[in-house]
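Novice: give me the fold of what follows.
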Amino acid sequence: RALGLSLGDRIVLYDAKKNVFASRAAWVLRNAGFEDVRILNGGLKAWKAAGGDIETGDAQPAPSSVEIRADVLPVISSDEAAAFPQRGILLDARSAARFAGQPDPLDPRPGHVPGAVNIPWEGLVDDEERFLPAAELRARFAGLGVAPDSAVAAYCGSGVSAAHVLVALELAGFPTGALYPGSWSEWAADARRP
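Specialist: Model (predicted):
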């Protein structure tokens, strides 16, 4: 409300980090019922390269009275993540090293959810920080077993870069996947989980 957003607004998000934070913000807004949410492909870097204007200072939008919805997009719990590989493709968006279980100060325990497959989020953008072309994204997902009728869910360390993978999945032409918001942070904090 403080940002002046209304459910019918066209919202364009950008960042300076390969679309990862814009993707998560897009997921949050879409999950709250905002329908026309877009990501500026290539972010601030692309905007500047195209000669886009930049201004400084804080914006002062008029507040709105928006009433958001909740849980518009599919999500899964840790119990559902445990069972997901038996019925679909569970994608882990973290780096290959973190997925393989190399010690990392970000994770309470190293490893990955049993049955998950790895697709590091940073490999889904080019050197200009733009998402790869749809055909290339489609081939990468297909190489992991994703088909148009596959059930797909994604997780990462804390739920941010998994949203980036879900955006790439849609850009590739696949249906919306589910997010495991608790991600590896929640999974690894439970010593009962393998």
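Novice: would you mind measuring from the residue nearest in space to the middle of the chain to residue 39?
Specialist: In the chain, the residue lying closest to the centroid (CA atoms, centre = their mean) is residue 163, at 0.9 Å. To residue 39, residue 163 is 10 Å away according to CB to CB, to the nearest Å. From N, CA and C alone the C-beta is placed, and that goes for glycine too.
Novice: now do the shared contacts for the two.
Specialist: Common contacts of residue 163 and residue 39 (CB atoms under 8 Å, 6 or more residues apart in numbering): 23, 26.
Novice: sorry, back to before: next, the buried residues of the one helix or strand the residue nearest to the centre of the chain maps to.
Specialist: Using DSSP states H and E, residue 163 sits within helix 161-171. The neighbour-count check on helix 161-171 (16 or more other CB atoms under 10 Å) flags 161, 162, 163, 164, 165, 166, 167, 168, 169, 171 as buried.
Novice: quick check, nearest of these to residue 82?
Specialist: Checking the buried residues of helix 161-171 against residue 82 by CB to CB gives residue 162 as the nearest, at 16.2 Å.
Novice: ok, now which ones touch the residue with the largest distance to the centre of the chain?
Specialist: Largest separation from the mean C-alpha position in the chain: residue 62, at 29.3 Å (CA atoms, centre = their mean). Residue 62 is in contact with residue 4, counting by CB under 8 Å, 6+ apart.
Novice: hmm, residue 140 is touching residue 117, no?
Specialist: No. Checked against CB atoms under 8 Å, the pair residue 140 and residue 117 is beyond contact range at 11.2 Å.
Novice: residue ranges for the helices of this structure, please.
Specialist: Here the chain has its helices, by DSSP state H, at 20-31, 43-49, 78-83, 96-100, 134-143, 161-171, 183-189.
Novice: buried deepest among these, which one?
Specialist: helix 161-171 (a mean of 25; mean count of other CB atoms under 10 Å).
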